[in-house]
Structure formats: structure tokens, C-alpha cells
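Enquirer: Sequence and predicted structure, then a few things I'm wondering about:
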Amino acid sequence: MPPASPDTEALFATEHGAVSRMSANRFRVAMGERSWTLASNALSALHEALQPLAAQVYRCDCDCRWQVRLNDQETAVLTTDEVLRLHSLLDGAVAMLELDSLLDEHSISRAE
């Protein structure tokens with residue numbers, strides 16, 4: 001996985017990828033050799049859309065290719081493993097965003 005550039009803030013990472021904050025409402029999702037830049041609302045929408053697909057993929061027990069709409073303009077074709085990895089990555093990123101929001105609400109800084 002490539003290191004985060006100096007102008008991004010790591011939000012969440014797994015052994016298969018990372019989500020970095022590029023600005024207040026832009027995120028870079030990197031997974032293997034692939035990377036996408038998504039707006040905050042597109043990141044949340046992708047996470048929500050991926051949940052039922054990940055459940056279906058998990059039950060299917062096949063090595064298929066799945067078409068995933070990343071935002072209004074981009075679509076990616078992912079393997080079964082990639083769908084599950086992206087789902088885990090986005091689960092963690094969304095949890096961290098929720099934590100940041102709660103901490104901001106209570107004026108608490110998260111340790112870096």
C-alpha cells in the first residue's frame with residue numbers, strides 16, 4: 001500500500017487499503033493498486049450501498065466479479081474478495097468519521 005501523501009490525513013487503514021482525508025469533504029480510498037477520490041457524501045453513499053452487496057457476496061461463496069458504482073460518474077469491477085475488503089475498509093472509515101463528529105460535538109481532540 002502506498003504511503004499517505006503529506007497533504008492527507010490518515011483516517012482508517014487495514015492490511016488491504018486505507019482511507020485518507022484530503023480536505024474537509026474529500027477522501028482518498030486506496031485499495032491495492034486502485035484508488036478513488038470521493039466526496040464525503042459519496043463515501044457515505046458507497047458505504048450504505050455496499051452493505052447489502054457485501055452480505056450477498058459473503059453468502060454466495062463464489063469467485064465472481066461485481067460492478068460497484070463509486071459515485072455518479074465512476075464504476076469499478078471488483079472481485080468477491082475486493083468487495084468484502086472494501087466493505088471492511090469503509091466500515092472502519094465511517095466509524096472513525098462518526099467518532100470524529102462526536103468528539104467535535106464535545107470539543108475533544110483525538111490523539112494523532
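Expert: Looks like it came in fine.
Enquirer: For Glu48, see how far away Glu9 is.
Expert: 23 Å (CB to CB, to the nearest Å). Bear in mind the C-beta positions are built from the backbone N, C-alpha and C, glycine included.
Enquirer: Any stretches of the chain with poor pLDDT?
Expert: For the chain, the stretches with pLDDT under 70 are 1-7, 109-112.
Enquirer: mind redoing it with 50?
Expert: 1-2, 4 (pLDDT under 50).
Enquirer: quick one: the strands in it?
Expert: Using DSSP state E, the strands of the chain run over residues 9-14, 17-23, 26-31, 34-39, 65-69, 75-79.
Enquirer: what's next to the second one, contact-wise?
Expert: Residues lying outside strand 17-23 but in contact with it, judged by CB atoms under 8 Å, 6 or more residues apart in numbering, are 1, 4-5, 7-13, 27-32, 37, 43, 85-86, 89-90, 92-93.
Enquirer: Filter those residues down to just the buried residues.
Expert: Using 16 or more other CB atoms under 10 Å as the burial test, the contacts of strand 17-23 include 4, 8, 11-13, 27-31, 37, 43, 85-86, 89-90, 92-93 as buried.
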